[in-house]
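A.B. asks: my questions concern the predicted model and sequence given below.
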Amino acid sequence: MVRPVLRTCVGCRQIREQPALVRITADPSGGVVVVPPQAPKAPGRGTYLCPSLPCLEKAWHRRAFRRALPGLDEVALRERFEAELRRRGVIAA
Ligand SMILES: [Zn+2]
């Protein structure tokens, strides 16, 4: 039996299976990388979010990224997060 890997959304604090979440890491140049689910071992400190814009907003206002990912660019993060949600079909393209 394989146990699912569980992670906590930094927006709503719900614990979910990792593939259901979007992983966000900072790249070495200070940019943001939204890591596709097929690449779970991308380097760097990461944080997890539900594929949901309200969770992104909550996490931003709670300053959750400032702790895990200092220097993160909010505009770049939002653009890439939205692109990932479109890719997953969560929001309209
Ligand atoms: Zn969430």
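C.D. replies: Perfect, thanks for sending it.

A.B. asks: contacts and neighbour counts: CA atoms only from here.
C.D. replies: Will do.

A.B. asks: what is the longest helix along the chain packed up against?
C.D. replies: Longest among the helix segments of the chain by residue count, using DSSP state H, is helix 74-87. Identification of packing neighbours for helix 74-87 by 3 or more Cα pairs under 8 Å, 6 or more residues apart in numbering; DSSP states H and E yields strand 32-35.

A.B. asks: show me what the helix or strand that the strand it packs on is followed by is packed up against.
C.D. replies: Using DSSP states H and E, the helix or strand that follows strand 32-35 towards the C-terminus is strand 46-49. Strand 46-49 makes packing contacts with strand 6-8, strand 22-26, helix 64-68 when contacts are defined by 3+ Cα pairs under 8 Å, 6+ apart.

A.B. asks: what residues are up against the closest residue to residue 91 other than its chain neighbours?
C.D. replies: Across the structure, with Cα to Cα, 6 or more residues apart in numbering as the measure, the residue nearest residue 91 apart from its sequence neighbours is residue 85 (5.8 Å). The contact partners of residue 85, taken as Cα atoms under 8 Å, 6 or more residues apart in numbering, are 51, 52, 91.

A.B. asks: then residue 57?
C.D. replies: Contacts of residue 57 by Cα under 8 Å, 6+ apart are residue 11.

A.B. asks: residue 16 too?
C.D. replies: Here residue 16 is in contact with 6, 7, 8, 9 (criterion: Cα under 8 Å, 6+ apart).

A.B. asks: verify the contact between residue 23 and residue 65 for me.
C.D. replies: No: in this structure residue 23 lies outside contact range of residue 65 using Cα atoms under 8 Å: 11.9 Å.

A.B. asks: out of the helices and strands packed on strand 46-49, which is closest to residue 78?
C.D. replies: For residue 78, the closest of the helices and strands packed on strand 46-49 is strand 22-26, at 10.9 Å, according to Cα to Cα.

A.B. asks: pLDDT on that closest one, on average?
C.D. replies: In this model, strand 22-26 carries a mean pLDDT of 82.
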